[in-house]
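Trainee: Sequence first, predicted coordinates after that:
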Amino acid sequence: MKEISRTKSALILAFLVIIWGINWPLSKLALIYTPPLLFAGIRTFLGGLILLIFALPKWKELRFKENWHLYTISAVLNIIMFYGLQTIGLGYMPAGLFSAIVFIEPVLLGIFSWIWLGESMYGLKIAGLALGFAGVAVISSGGFTGSLSVTGILLALGSALGWGLGTVFVKKTGGRVNSIWMVTMQLLIGGLILMGTGTGIERWSEIQWNTAFISDLLFISIFVIAFGWLAFFTLVGSGEASKVGSYTFLIPLIAIIVSSLLLHESITINLVAGLIFILLSICLVNMPVKNRKRGKPNDAEPVQQIQ
């Protein structure tokens, strides 16, 4: 992947955080009109079809016979586990609590990147990752009321695990597959499997194809799914996966702010406290650390190519 400038990287990151933050309240609204698995399958498959337009000019780099297993593994982790378990799990517990558990993913990503990508793990990064999750927990603490659903917790953890493993897998195999084909195929394969599963246990007749649902579906499919995943893996490919993951701690913050506007949810002192934790987290994870032996920045510096 070509090197991208700091300015371009910052713009892509800002787009990603905002658009994925908006996704949570929009998805909550969409689920009023549709069963969860069918919705997860439709939006991811449509996102794949949109990206297919951009991928087709590079059809020679698809190499499906050679890479089909890589596309399938990525689809299972990033689409089926992340989106499938996520949409089902939202029915078992409050969205705030569920999202707090899902966004343990950056912590998992930092650990997985250390184990499988050889990225550095040092005191400041560990503290930053822990502080970021603490910020998300503080922001979402209003959801910690009533009895907790063990099923919901397991589904949230499964969703986070799939996303973390999927991100590392995509970066680890980046040198073997074209990045846009990887994103496109994981969306198409994952979307088809989710729709097939949904067809078996849900009813298409339960979907209310009104203007509100169609508008919501198209926005999520185009911006959240298609361009969102492309932006995410563009950033992961041009820098440390764990650093990119640290910024995803801002997504629940955006989600809560937008939810307060669209769903009339209140903004509390927890939101302000959580924001402080999140900002400190980002500073710690991205703070350069000198190598004591060589006197050079360690490999916390951005990697410019997918390894």
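Mentor: Everything's here; your move. Bear in mind that the values here come from a model prediction, so they are computed numbers and not experimental data.
Trainee: do you know how far the residue nearest in space to the middle of the chain is from Thr44?
Mentor: The chain has Trp163 as the residue nearest its centroid, 6.3 Å off, counting by CA atoms, centre = their mean. Taking CB to CB, to the nearest Å as the measure, Trp163 falls 13 Å from Thr44. Quick note: C-beta positions are derived from backbone N, CA and C, even for glycine.
Trainee: buried sites along stretch 58-72?
Mentor: Leu62, Asn67, Leu70, Tyr71, Thr72 (16 or more other CB atoms under 10 Å).
Trainee: Report the mean confidence score over that stretch.
Mentor: In this model, stretch 58-72 has a mean pLDDT of 94.
Trainee: Next: stretch 7-26.
Mentor: 87.
Trainee: Could you do stretch 194-212 as well?
Mentor: 96.
Trainee: neighbouring contacts of it?
Mentor: If you take CB atoms under 8 Å, 6 or more residues apart in numbering as the criterion, stretch 194-212 is touched by 29, 33-42, 44-45, 79-80, 83-84, 213.
Trainee: Mark which of the residues you listed are part of helices, please.
Mentor: Of the positions in the contacts of stretch 194-212, Leu29, Pro36, Leu37, Leu38, Phe39, Ala40, Gly41, Ile42, Thr44, Phe45, Phe213 sit in helices, assigned by DSSP state H.
Trainee: Just the buried residues out of those residues, in PyMOL syntax.
Mentor: In PyMOL, a selection of the buried entries from those looks like this (16+ other CB under 10 Å):
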select buried, resi 36+37+38+39+40+41+42+44+45+213
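Trainee: which among the ones in helices among the contacts of stretch 194-212 gets closest to Trp114?
Mentor: Among those, Thr44 lies closest to Trp114 (CB to CB), at 29.1 Å.
Trainee: okay, now the nearest residue to the closest one once chain neighbours are set aside: neighbour count?
Mentor: Nearest residue to Thr44, sequence neighbours excluded (CB to CB, 6 or more residues apart in numbering): Gly191, at 3.8 Å. Using other CB atoms under 10 Å, Gly191 has 26 neighbouring residues.
Trainee: For Gly191, pull up the helix or strand it's in.
Mentor: For Gly191, the host element (DSSP states H and E) is helix 179-201.
Trainee: List the buried residues of that helix.
Mentor: In helix 179-201, counting by 16+ other CB under 10 Å, buried: 179-195, 197-198.
Trainee: and Asn4, that's in a helix?
Mentor: Quick fix: residue 4 is Ile, not Asn. No. Assignment of Ile4 by DSSP: H, G, I helix; E, B strand; the rest coil gives coil, placing it outside any helix.
Trainee: Excluding covalently adjacent residues, which one is nearest to it?
Mentor: Here the residue nearest Ile4, using CB to CB, 6+ apart, is Ser238, at 5.0 Å.
Trainee: State whether that neighbour and Lys8 are indeed in contact, as I suppose.
Mentor: No. With contact defined as CB atoms under 8 Å, Ser238 does not reach Lys8; the gap is 9.2 Å.
Trainee: one step back: can you tell me which of the ones in helices among the contacts of stretch 194-212 is closest to Ile257?
Mentor: Looking across the ones in helices among the contacts of stretch 194-212 and measuring by CB to CB, the closest to Ile257 is Leu29, at 15.5 Å.
Trainee: thinking Ala127 is in contact with Leu284, fair?
Mentor: Yes. Using CB under 8 Å, Ala127 is in contact with Leu284, at 5.6 Å.
Trainee: Would you mind telling me which of those two has more residues around it?
Mentor: Leu284 (19 against 14).
Trainee: helix or strand for that one, which one?
Mentor: Going by DSSP H and E, Leu284 is in helix 269-285.
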